[in-house]
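Asker: dropping a prediction and its sequence here:
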Amino acid sequence: MYAFSAYLGLSAGAAQGIYNSVIPSLTKDPRSFRTRFGIINMIVAFAALVGPPKAGTILDYDGERINKRRCGRAW
């Protein structure tokens, strides 16, 4: 479990930080860099804002602990 947690933390951190270095290489016009960077940050912020409440709603849908155990086993 410790190895999985370490791997997940490193890969999630790399995925969140890599778009900062990829956007300049994909953007030919320097004026559109800010627009693309803002759109990507908006998408990431929306996912961070909506994801945890949605996951909690899915886990508590039927109000039983068995549903939480099933979701835990699936991951």
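Answerer: Structure received.
Asker: alpha carbons only for contacts and neighbour counts from here, please
Answerer: Fine.
Asker: ok, residue 27 - how many residues close by?
Answerer: Residues near residue 27, counting by other C-alpha atoms under 10 Å, number 13.
Asker: ok, for it, nearest residue in space, not its chain neighbours?
Answerer: When the adjacent residues along the chain are set aside, residue 27 lies closest to residue 33, with 6.1 Å between them (C-alpha to C-alpha, 6 or more residues apart in numbering).
Asker: isn't the one you found up against residue 21?
Answerer: No - judged on C-alpha atoms under 8 Å, residue 33 makes no contact with residue 21 at a distance of 11.4 Å.
Asker: what about the strands in the chain?
Answerer: Counting by DSSP state E, the chain has no strands to list.
Asker: can you list the low-confidence ranges for it?
Answerer: Scanning the chain for pLDDT under 70 picks out 58-75.
Asker: which parts of it are helices?
Answerer: 2-26, 30-59, 65-74 (DSSP state H).
Asker: got a list of contacts for the first one?
Answerer: By C-alpha atoms under 8 Å, 6 or more residues apart in numbering, the residues outside helix 2-26 that reach it are 33, 36-37.
Asker: between that helix and helix 30-59, how many degrees?
Answerer: 150 degrees (axes from the mean of the first three to the mean of the last three C-alpha atoms, to 10 degrees).
Asker: buried residues in helix 2-26?
Answerer: residue 24 (16 or more other C-alpha atoms under 10 Å).
Asker: about what we covered before: need the contacts of helix 2-26 in a markdown table with distance to residue 52 and neighbour count, can you?
Answerer: A markdown table is the format used below for the contacts of helix 2-26 (distance: C-alpha to C-alpha, whole Å; neighbours: other C-alpha atoms under 10 Å):
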| residue | distance to residue 52 | neighbour count |
| --- | --- | --- |
| 33 | 30 | 15 |
| 36 | 25 | 15 |
| 37 | 24 | 14 |
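Asker: contacting residues around residue 52?
Answerer: Applying C-alpha under 8 Å, 6+ apart, no residues contact residue 52.
Asker: mind starting the numbering at 721 from now?
Answerer: New numbering, starting at 721: the last item is residue 772.
Asker: now it: how far from residue 766?
Answerer: 11 Å (C-alpha to C-alpha, to the nearest Å).
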